[in-house]
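**Student:** based on what follows, work out the 3D shape:
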Amino acid sequence: MYHQPVLKNRRTLLERAEKFISAIYFTDCNLRGRLYGDSSPLETLSSFLSSKRITFTEASQQTFVPYKVGDTFGPTWWTCWFKATLKIPESWKGKEVHLLWESDGEAMVWRDEQPVQGLTKDGEKTSYILSDCLADEEPHSVTLYVEVACNGLFGAGQGSMIAAPDPNSKFSVQKAELVVFNRDVQDLLTDFEMLIDIVKELGEGEQRGYQALFTVNEMVNLCDPADPSSFCKAHSLAHVFFSQRNGESQHTAHAMGHCHIDSAWLWPYEETIRKCGRSWVTVIRLMEKNPDFVFTCSQAQQFQWVKSWYPGLFSQIQHYVKKGKFIPVGGTWVEMDGNLPSGESMVRQFLEGQRFFNHEFGIHCKEFWLPDTFGYSAQLPQIMQRCGISNFLTQKLSWNLHNTFFWEGLDGSKVLTHFPPGNSYEMKGKVEELVKTVKNNKDKGRANHSAVLFGFGDGGGGPTQLMLDRLRRVQDTDGLPKVRTSSPDQLFSQLQADSALLCTWTGELFLELHNGTYTTQAQIKRGNRHCEVLLHDIEIASSLALCRNGTFQYPVEKLQELWRLLLLNQFHDVIPGSCIEMVVEDALRYYEDIRSKGAALLHDALGALGSKGISTGVFNSLPWERHEVIQIQDSAGTPGLALVRVPSIGLSPVKDTQPVAPVSVTSQADGTVVMENGILQIVVNKDGTLASLYLIDAGREAISESCQGNQFIMFDDVPLYWDAWDVMDYHLQTRKPVVEVEQPPHVVSSGGLRGSVRFTLRISEKSTLTQEIVMDAMCPYIKFNTEVKWAESHKFLKVEFPVRVHGPNATYEIQFGHLQRPTHRNTSWDWARFEVWGHKWADLSEHNFGVALLNDCKYGYSVHKNTMTLSLLRAPKAPDVNADMGTHHFTYAVMPHTGSFQEASIIQSAYNLNFPLRPIWCPADTEPWSAFSVSNTAVILETIKQAEDRKGALVVRLYESHGSSVTATLSTALPVREAWHCDFLERDDPTQPARVTPEGITLNFSPFQIVSLLLTL
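**Tutor:** Numbering: from 1, shown residues only. A predicted model of the protein is given here:
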């Protein structure tokens, strides 16, 4: 009798199985070569090329000309529409019939005037199923349209993915034919693939890996690719293997379909709309065939786009949302950057997102979903909690100390946080990913459940049938984690139930990468800050006008439009500047829309507030009295200066007052200039640096001995790969001071209310810097109004202030508060903070003395030992070859102080620098009027707006800014009838009334607590 040999060579058995399903080797006789049966050409294929992204209705009415497969079309960002007429052969009855379509560009199939399938070669979607089993009653003659975008899944980078797009790329269709698809072959291929991967991933040290090896080898023995009747035996062997169960203690992977779509990145906003359509219609097709399939999807903005552009698809999405299969997550308008938006912007991300999801789907998200952002502010846990969200998922930091833990924010708020240990938000359902999910889990013994997010992402694409089939094979297979089709709610519920041993992380989640994004695309950063300020002022002025003027209408719809534009630009590849030039142009245009439309809204509100008098007045949107020098015009339009006093959140006529000490500006014989205002005295060197910054009353010099303040520095800035994203620590070794003076300091304004000195430096042959150093009467800081004409390549411009302060930590403003970071580099974690982010100010203090840096549009800082540095401009060349080229304007300020930064009103001074006093016309007999004031300087009234969906009610938002427990009284001149505490979604809490007395509303704050009140007028 013949005895089959028992083979012992692991490598040859494994490679034999691999070749049996290879798409490259032995396809004439292996299983892969039998995937497709008969084929048939299309009856006709014609095309129409459009430079714009047009609707189906418009496209279908164009003149189509014959197209030959292989012909090229383009250029980049155009769209080629195809019209295909198909006739399915009668002999294919009972067969599964596909349209096989392979093209360079992303494609959408349209049938009966509706989108039905996305096709993307890079996303492993190259066929549209015409029939699962062709029947006589099905149409055999079909007309389809295919919309092909002239860009790939990741744009059209020239030479590399993140390079600037090649504007002249050409595209083609490589395949367009009807085929018979052999589903039994695909099923068996999936069996083989999963077993082969188990052999590879479990390795030689695991018995289970050898069981998989011998199983797959026997399947090759049993399977004759030319004889489909042999497939069943091979499939049965695989089924036996996959059905061998795990023990109860095995890790559980919660599998959720996912399709991370960057709202803009290597493609413009408008292309993202089509990416959403292509990806999500494919998800709907999968849901029709896979009733257990669950798909998670974030970003309300993208749902809004689909609702507008693809209403039929949106209705299908609503249907599956109701069934709990298509799950909106995140609760925000977009997946925003986690560092740079203001606190109020972050609140509005949730307010707009949660309200949209509730209005369209009747849900509120319970989890914040931000898988791909470059760090996470320490105030996010409190903002999440106050927006009805108690769970957080991200991937960007999944190599950190923990995967599942509680994240405690600045105020002590906690959220349950999960970083998928598989370290990806676009898994493919492969064995390797499941094994990595278990191995990489840093909370073994504490958490036994993890998310597996599967589907092509970043550029869209989403899950495929193959991914679902892979995961279905190994739902409970010995040697692998259990795989459960799940939802975010199920995952977090399980994690919460088993949370007794979880660790807690306190403070910010700092990403030790992509530090360059705090500075790249300075015009976007400037647009963001200035538009945040403008919308703040519009809302406050409109709220006051609503109460003071019975005819004024609060501009609800217009403000929502502007806020949504601002929130869109806070997407995590736009405000960081890591996007292509087309996106930058779109973003800057949106900021210009906000500025122009916002200016008109502010004009209307101030006009209503000032009763449209003819005397010059001033409006103050900040919650403290301000005594400042402003520029005014007389009735003849002649510009001038005035020192004005304006009450808290109110207005006042301009009544020029005299300063306690006027500004003096004196040119010295040695070419230096001395400026003094009774608070500060500075000495400006011949190169524009500060030889001295002297705090007069304290008798303290702020500039380090033998050093100069306001020293501009150039660095070489060549990262390893991620050009717009990364600045590497080694750039610090290339420090070169800017020393060439083109025009030495000269006096522009000689004093009185304002003194100023201007100079020009040559940065390089291509770039110059002109700066005006401004000292105002009564002002505790020096302003540096700066213009840079910038034409560099891979350079980094910063400004340094070496100061006479010794402190182990510097303090940086963040959203609704501040935090400290070390000024030393003791550990690798400290060293990774060589470049950090902050908002309007940073401070370095020792006991009873310190120096603060303020700014009006910058976010990158470094404080090392006693040197304070503000990052100004970068010059990366990818993905935007022209990033930051051109003319830039920005202002920063330096403020030495006694006491702590809290006692010295650094926080208020930074607000003053950013929020200008606004001119207003008012009647000549106008008395100074204050709408709101707060009794305690630690508490800042940040926001006043009309309540959502409630006329005759305002929402005010306050926060404790010092890091202290305080009691404060909010006083108002408005006719407030009652007040209630509410969350950030403006849902009032009937158990928490706020008592209104003639003195105001008394509130208790814990450190960094944010409080929202609903005021009924």
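
**Student:** so where's the stretch 451-600 of the chain shaky on pLDDT?
**Tutor:** Applying pLDDT under 70 to the stretch 451-600 of the chain flags no residue at all.

**Student:** ranges for the helices of it?
**Tutor:** All helices of the stretch 451-600 of the chain, identified by DSSP state H, counting those that start in this stretch, fall at 465-473, 488-497, 522-548, 556-569, 581-609.

**Student:** how about the second one: buried residues?
**Tutor:** With burial defined by 16 or more other C-beta atoms under 10 Å, the residues of helix 488-497 counted as buried are 488, 491, 492, 493, 494, 495. C-beta coordinates here come from the backbone N, C-alpha and C atoms, glycine included.

**Student:** how about the second one, nearest residue that isn't a chain neighbour?
**Tutor:** Nearest residue to residue 491, sequence neighbours excluded (C-beta to C-beta, 6 or more residues apart in numbering): residue 254, at 4.3 Å.

**Student:** which SSE is that neighbour in?
**Tutor:** Per DSSP states H and E, residue 254 falls inside strand 252-258.

**Student:** and that strand, which strands flank it?
**Tutor:** The strands beside strand 252-258 in its sheet (DSSP bridges) come out as strand 295-297 (parallel), strand 449-454 (parallel), strand 482-485 (parallel).

**Student:** follow-up on the earlier one: wait, doesn't the residue nearest to residue 491 sit right on residue 453?
**Tutor:** No. Counting by C-beta atoms under 8 Å, residue 453 is not a contact partner of residue 254; they are 9.2 Å apart.

**Student:** what's around the closest residue to residue 266 other than its chain neighbours, how many residues?
**Tutor:** Nearest residue to residue 266, sequence neighbours excluded (C-beta to C-beta, 6+ apart): residue 155, at 3.2 Å. For residue 155, the count of nearby residues is 25 (other C-beta atoms under 10 Å).

**Student:** return the set of residues that bridge with residue 155.
**Tutor:** As for beta bridges, residue 155 partners with residue 152 under DSSP bridges.

**Student:** now do residue 111
**Tutor:** In this entry, residue 111 is beta-bridged to residue 114, by DSSP bridges.

**Student:** if we can go back for a sec, most tightly packed of the helices of the stretch 451-600 of the chain?
**Tutor:** Burial of those is given as mean neighbour count (mean count of other C-beta atoms under 10 Å); helix 522-548 ranks first at a mean of 23.

**Student:** quick one on the thing from earlier: between the buried residues of helix 488-497, which sits nearest residue 324?
**Tutor:** residue 488 (11.4 Å; C-beta to C-beta).

**Student:** any idea how far that closest one is from residue 177?
**Tutor:** Residue 488 sits at a distance of 41 Å from residue 177 (criterion: C-beta to C-beta, to the nearest Å).

**Student:** now do residue 514
**Tutor:** Distance, residue 514 to residue 177, using C-beta to C-beta: 44 Å.

**Student:** which parts of the stretch 901-1017 of the chain are strands?
**Tutor:** Using DSSP state E, counting those that start in this stretch, the strands of the stretch 901-1017 of the chain run over 918-922, 929-930, 932-934, 939-946, 953-960, 966-972, 978-982, 988-994, 996-997, 1000-1005, 1010-1016.

**Student:** tell me the strands beside the first one, with direction?
**Tutor:** In other words, strand 918-922. Strand pairing for strand 918-922, using DSSP bridges, gives strand 615-620 (antiparallel).

**Student:** dump the partner strand to PDB, restricted to CA.
**Tutor:** C-alpha atoms of strand 615-620 as PDB (Å, rounded to 0.1, in the frame of the first residue of the first chain):
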ATOM      1  CA  SER A 615     -19.800 111.000  18.000                       C
ATOM      2  CA  THR A 616     -16.800 108.700  18.200                       C
ATOM      3  CA  GLY A 617     -17.000 106.000  20.700                       C
ATOM      4  CA  VAL A 618     -15.200 102.800  21.600                       C
ATOM      5  CA  PHE A 619     -16.500  99.200  22.100                       C
ATOM      6  CA  ASN A 620     -14.700  96.800  24.500                       C
END
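
**Student:** which strands border the helix or strand that that strand is followed by, and is each parallel or antiparallel?
**Tutor:** Of the helices and strands lying after strand 615-620 in sequence (DSSP H and E), the nearest is strand 626-633. Sheet pairing for strand 626-633, assigned by DSSP bridges, gives strand 639-646 (antiparallel).

**Student:** what are the contacting residues of the partner strand?
**Tutor:** The contact list for strand 639-646, computed with C-beta atoms under 8 Å, 6 or more residues apart in numbering, reads 618-620, 625-634, 652, 654-659, 752-754, 777-778, 917, 928.

**Student:** tell me which other helices or strands whatever helix or strand comes next after that strand touches.
**Tutor:** Following strand 639-646 in sequence order, the next helix or strand is strand 650-653 (DSSP H and E). With contacts taken as 3 or more C-beta pairs under 8 Å, 6 or more residues apart in numbering; DSSP states H and E, strand 650-653 sits against strand 615-620, strand 639-646, strand 918-922, strand 929-930.

**Student:** list the buried residues of stretch 967-974.
**Tutor:** For stretch 967-974, by 16+ other C-beta under 10 Å, it's 968, 970, 971, 972, 973.

**Student:** and these as a markdown table, adding distance to residue 648 and pLDDT?
**Tutor:** Shown next, in a markdown table, are the buried residues of stretch 967-974 (distance: C-beta to C-beta, whole Å; pLDDT from 0 to 100):
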| residue | distance to residue 648 | pLDDT |
| --- | --- | --- |
| 968 | 13 | 98 |
| 970 | 11 | 98 |
| 971 | 9 | 97 |
| 972 | 10 | 97 |
| 973 | 10 | 96 |
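
**Student:** quick one: contacts of stretch 220-239?
**Tutor:** Outside stretch 220-239, the residues that touch it by C-beta under 8 Å, 6+ apart are 16-17, 20, 29-31, 33-34, 182, 184-185, 187-188, 191-192, 194-195, 215-216, 218-219, 473.

**Student:** whichever of these end up buried, select them in PyMOL.
**Tutor:** Burial among those is assessed by 16+ other C-beta under 10 Å; the matching PyMOL selection reads:
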select buried, resi 17+20+30+31+33+34+182+185+188+191+192+194+195+215+216+219+473
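
**Student:** where exactly do the strands run in the stretch 651-800 of the chain?
**Tutor:** 663-667, 673-676, 680-684, 690-695, 700-701, 711-716, 736-737, 740-752, 754-762, 768-776, 782-790, 795-802.

**Student:** turn these into a markdown table, columns for mean pLDDT.
**Tutor:** Shown next, in a markdown table, are the strands of the stretch 651-800 of the chain (pLDDT from 0 to 100):
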| stretch | mean pLDDT |
| --- | --- |
| strand 663-667 | 97 |
| strand 673-676 | 98 |
| strand 680-684 | 98 |
| strand 690-695 | 98 |
| strand 700-701 | 98 |
| strand 711-716 | 98 |
| strand 736-737 | 98 |
| strand 740-752 | 96 |
| strand 754-762 | 98 |
| strand 768-776 | 98 |
| strand 782-790 | 98 |
| strand 795-802 | 98 |
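
**Student:** so which of the ones you listed comes closest to residue 112?
**Tutor:** For residue 112, the closest of the strands of the stretch 651-800 of the chain is strand 782-790, at 53.4 Å, according to C-beta to C-beta.
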